[in-house]
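Colleague: Here you go, sequence then predicted model.
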Amino acid sequence: MYPGRPYAREVGHVGEAAGVATSAGVIEGRHNVPPDVLTSVVHWLRKGGHNPSAELEELRRESLEGAEYCQNEGCEVKGRLKDFKVCPLCKTARYCGAACQQQDWTKGGHKASCGKFHTRVRQ
């Protein structure tokens, strides 16, 4: 019934994770996702070796305090993700300002990786 998916049988056995997830603060009432879906997600994250409570707490901390999102190696500017400018070509690299973007473009190697990505997208 579940060929190649040894853990598929356990999908129905996530009820015990519900109490743990709710008490750990992983599942909170401010969402539109059904609780059984969230419980299942928490269950599978734990099976994969993740700690959803700790990872969620880290995301909350980063959103409040800010984090180092600048792609330029050695830059220690912290801030919110939305405050960092995105590379206009690849739309993946982020920089705290024009100086860091220029330095990473010339010395950090972003020019090579960005050009490859940009070429692939255009084809």
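Modeller: Received the coordinates, thanks. Since this is a predicted model, take the numbers as computed values, not measurements.
Colleague: wait, is A112 part of a helix?
Modeller: Yes - under DSSP: H, G, I helix; E, B strand; the rest coil, A112 sits within a helix.
Colleague: Please tell me how far it sits from T106.
Modeller: 11 Å (CB to CB, to the nearest Å). Using the backbone N, CA and C atoms, a C-beta is placed for each residue, glycine as well.
Colleague: next one: L56
Modeller: With CB to CB as the criterion, L56 and T106 are 38 Å apart.
Colleague: Give me the more crowded residue out of these two.
Modeller: L56 (15 against 10; other CB atoms under 10 Å).
Colleague: So what's the predicted local confidence for the more buried one?
Modeller: Per-residue confidence (pLDDT) for L56: 85.
Colleague: what's the answer for F84, then?
Modeller: 90.
Colleague: now swap in Q71 and tell me
Modeller: On pLDDT, Q71 comes in at 90.
Colleague: Pull the contacting residues for it.
Modeller: By CB atoms under 8 Å, 6 or more residues apart in numbering, the contact list for Q71 reads 87, 93-95, 100, 104, 108, 110.
Colleague: any idea which of those residues is closest to G66?
Modeller: R94 (12.7 Å; CB to CB).
Colleague: so what's the backbone phi/psi at that closest one?
Modeller: As for R94, its main-chain torsions (degrees, to the nearest 10) stand at phi -120, psi 150.
Colleague: Who's the closest spatial neighbour of it, skipping the chain neighbours?
Modeller: F84 (3.9 Å; CB to CB, 6 or more residues apart in numbering).
Colleague: all helices of the protein, in order?
Modeller: 15-23, 35-47, 52-65, 98-106, 110-122 (DSSP state H).
Colleague: Using TSV, lay out these together with distance to K78.
Modeller: Shown next, in TSV, are the helices of the chain (distance: least, CB to CB, whole Å):
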stretch	distance to K78
helix 15-23	30
helix 35-47	27
helix 52-65	7
helix 98-106	13
helix 110-122	20
